[in-house]
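# The sequence isn't on hand, but the structure is:
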């Protein structure tokens, strides 16, 4: 007997050491939630739970039907009997895997993204990961536990709160775990600061790092841009630190900064500082757009347009519209192209008049490509009477505007210099020298609206990153000690100082083949 007990103890210990999950699984769906527990949550009497075969479930990566043990229906409705005052009908589904899968949440989100028009909303504090989709009267809840268990409740009309309560009851029968879902960043190392503080840029990095280490996401994002933009060497070439940028973008993105998610998405897309990862890049781009970072929306629209799923075309249009409504003229440009091609319905007269309206809104926002398209409509007489004079006029406007964004950035850098000089912050004065001198001439701009990432624009990118970093350290941001002095920020600040410095710049090469310039070192 004693030997038997010893063997049991040893087996238990070996099981614990082998990493077996500390919770139950492989229960049928109807075993996870009792009738009494469901009634307590829903506040109505129910029929006995009924095993149900799920049909083409979003829990299945191949979108197949399940088996009877994987689904369970809870309802108070009985055919051919009087209808209850409040009809309740809730479906519970469960799937199990033999080995933990860190990508299970991403797979489920992909199913939602490619087969529905819904946008998942994360739900912290439920299982190891959870999200929900749908309108309030048709919610579906997804819960993930231990890397091996996937639950889905709904769609139903009971609402999110009651679905969460049902999920809590079901999870209680499984037990607790602590599993990390998602792709965990590997190889990211915090940039090492120069010990000597020998250059103005080194001093700026050290000061901004101190602010970033307190959890300030804006400082983290600005620091990422500072490392990404790089520093100018004596030969005039820029030395980028993409791995340092990726580290700080990760810090800010993980804490909810939408711009950092966008910037990190581009690094993953291009394999700069991190291994190229199209899936991770796409998820970060979605995160940025859903976080209402407008510059990411056009790029996400273009990405959906390249996909061939049942819902990708509609999603592409939806994000272009959101970008347009958010003030990005490139969103109107995309809508103009879609109207012009007849992709948004209606007959040819509607196509062209709608395209003209969209192109004009894009042109009003300074989009050079839209100006060229307006000229083309006048040239062909599509939606408007053919007018050679107007066609040539709009073509000329498009030609002349192509370098305007560079000039705007040059002006904003000049304004920042005046703002920084007026701050009278002794500790920051040495760091002003990190702003490089901007050449007066601008490089030529390619026909498609892209600006070369060399020459003047490269210097401006560095200057903009430094300027924004310094802005975060100025006293009106409340982050730098004034040494007992209260700086006078109202005088002699120039009257035309742009307090939104860096928020409206649009002078960087687009990624993924977009057809217009997009904001990159902006929106701080």
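Looks like it came in fine. This structure is a prediction, so every number in the text was calculated from the model and none was measured.
# hey, let's count contacts and neighbours off CA atoms from now on
Noted.
# Let me see the ranges of the strands in the chain.
Assigned strands in the chain, in chain order: 50-52, 71-75, 89-96, 121-122, 129-133, 139-145, 149-156, 231-232, 238-239 (criterion: DSSP state E).
# Of those strands, flag the one that's most buried.
Scoring those by mean neighbour count under mean count of other C-alpha atoms under 10 Å gives strand 139-145 as the most buried, with a mean of 24.
# Now that strand: average pLDDT?
Averaging pLDDT along strand 139-145 gives 96.
# Partner strands of it, with direction?
strand 129-133 (antiparallel), strand 149-156 (antiparallel) (DSSP bridges).
# looking at those, which is closest to residue 358?
Closest approach to residue 358 among the strands paired with strand 139-145 (C-alpha to C-alpha): strand 129-133, 31.2 Å.
# starting at the chain centroid, how far to stretch 368-388?
Averaging C-alpha positions (C-alpha atoms, centre = their mean, to the nearest Å) puts stretch 368-388 35 Å from its chain's average.
# Going by neighbour count, which residues in that stretch are buried?
Residues of stretch 368-388 classed as buried by neighbour count (16 or more other C-alpha atoms under 10 Å): 368-379, 382-383.
# in the stretch 201-350 of the chain, what spans have low per-residue confidence?
Residue ranges of the stretch 201-350 of the chain with pLDDT under 70: 232-236.
# about what we covered before: for residue 188, find the nearest of the strands of the chain.
Closest approach to residue 188 among those is made by strand 238-239 (18.8 Å; C-alpha to C-alpha).
# Now do that closest one: distance to the chain's middle.
With C-alpha atoms, centre = their mean, you get 27 Å for strand 238-239.
# That one pairs with which strands, and in what direction?
Sheet partners by DSSP bridges: for strand 238-239, these are strand 231-232 (antiparallel).
# ok so, going back, quick one: the strands paired with strand 139-145 as JSON lines, columns for distance to residue 259 and mean pLDDT too.
Formatted as JSON lines, the strands paired with strand 139-145 follow (distance: least, C-alpha to C-alpha, whole Å; pLDDT from 0 to 100):
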{"stretch": "strand 129-133", "distance to residue 259": "22", "mean pLDDT": "95"}
{"stretch": "strand 149-156", "distance to residue 259": "31", "mean pLDDT": "94"}
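# Go through the strands of the chain and name the closest to residue 467.
For the strands of the chain, the distance to residue 467 is smallest for strand 231-232, at 13.1 Å, taking C-alpha to C-alpha.
# Quick check, residue 431 in contact with residue 203.
Yes: counting by C-alpha atoms under 8 Å, residue 203 is a contact partner of residue 431 at 6.4 Å.
# re earlier: quick one: which of the buried residues of stretch 368-388 sit in helices?
368-379 (DSSP state H).
# Could you export those residues to JSON lines, including columns for distance to residue 350 and pLDDT?
Shown next, in JSON lines, are those (distance: C-alpha to C-alpha, whole Å; pLDDT from 0 to 100):
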{"residue": "368", "distance to residue 350": "24", "pLDDT": "87"}
{"residue": "369", "distance to residue 350": "21", "pLDDT": "88"}
{"residue": "370", "distance to residue 350": "18", "pLDDT": "91"}
{"residue": "371", "distance to residue 350": "20", "pLDDT": "92"}
{"residue": "372", "distance to residue 350": "20", "pLDDT": "90"}
{"residue": "373", "distance to residue 350": "17", "pLDDT": "91"}
{"residue": "374", "distance to residue 350": "15", "pLDDT": "93"}
{"residue": "375", "distance to residue 350": "18", "pLDDT": "92"}
{"residue": "376", "distance to residue 350": "17", "pLDDT": "92"}
{"residue": "377", "distance to residue 350": "13", "pLDDT": "93"}
{"residue": "378", "distance to residue 350": "15", "pLDDT": "94"}
{"residue": "379", "distance to residue 350": "18", "pLDDT": "92"}
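# Name the nearest of those relative to residue 39.
The nearest member of those to residue 39, counting by C-alpha to C-alpha, is residue 370 at 59.2 Å.
# got a list of what the closest one touches?
Residue 370 is in contact with 333, 359-360, 362-363, 398, counting by C-alpha atoms under 8 Å, 6 or more residues apart in numbering.
# Apply 7 Å and report the result again.
Residue 370 sits next to 333, 359, 362-363 when contact means C-alpha atoms under 7 Å, 6 or more residues apart in numbering.
# want to try CSV for the residues you listed, with distance to residue 36 as columns?
What follows is the contacts of residue 370, written out as CSV (distance: C-alpha to C-alpha, whole Å):
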residue, distance to residue 36
333, 57
359, 60
362, 59
363, 63
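# between those, which is closest to residue 291?
Of all these, residue 333 has the smallest distance to residue 291: 22.2 Å, by C-alpha to C-alpha.
# that older thread, can I get the strands of the chain in a markdown table with distance to residue 461?
Conversion of these to a markdown table gives the following (distance: least, C-alpha to C-alpha, whole Å):
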| stretch | distance to residue 461 |
| --- | --- |
| strand 50-52 | 59 |
| strand 71-75 | 55 |
| strand 89-96 | 49 |
| strand 121-122 | 35 |
| strand 129-133 | 38 |
| strand 139-145 | 43 |
| strand 149-156 | 46 |
| strand 231-232 | 10 |
| strand 238-239 | 10 |
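# surely residue 132 meets residue 121?
Yes: using C-alpha atoms under 7 Å, residue 132 makes contact with residue 121 at a distance of 5.4 Å.
# Endpoint to endpoint, stretch 105-123 covers what distance?
Counting by C-alpha to C-alpha, to the nearest Å, you get 12 Å between the two ends of stretch 105-123.
# Show me the contact partners of it.
Identification of contacts with stretch 105-123 by C-alpha under 7 Å, 6+ apart yields 58-59, 61, 130-134, 181-182, 309-312.
# swap in stretch 41-55?
30, 35, 39, 65-76, 162, 165-166.
# hmm, which of those residues are the buried ones?
Looks like these have 30, 35, 39, 66, 68-76, 165-166 buried, using 16+ other C-alpha under 10 Å.
# Can you give me the neighbour number for residue 272?
A total of 18 residues lie near residue 272 under the criterion other C-alpha atoms under 10 Å.
# The closest residue to it other than its chain neighbours and residue 43, how far apart?
Using C-alpha to C-alpha, 6 or more residues apart in numbering and skipping residues adjacent in sequence, the residue nearest residue 272 is residue 242, 5.7 Å away. Residue 242 sits at a distance of 56 Å from residue 43 (criterion: C-alpha to C-alpha).
# now residue 394
Using C-alpha to C-alpha, we find residue 394 at a distance of 66 Å from residue 43.
# Just want to know which of the two has more residues nearby.
Ranked by neighbour count (other C-alpha under 10 Å), residue 394 and residue 43 place residue 394 first, with 23 against 10.
# Redo the contacts of residue 370 as JSON lines? Include neighbour count and distance to residue 191.
Putting the contacts of residue 370 into JSON lines (neighbours: other C-alpha atoms under 10 Å; distance: C-alpha to C-alpha, whole Å) gives the following:
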{"residue": "333", "neighbour count": "30", "distance to residue 191": "39"}
{"residue": "359", "neighbour count": "32", "distance to residue 191": "44"}
{"residue": "362", "neighbour count": "26", "distance to residue 191": "40"}
{"residue": "363", "neighbour count": "24", "distance to residue 191": "42"}
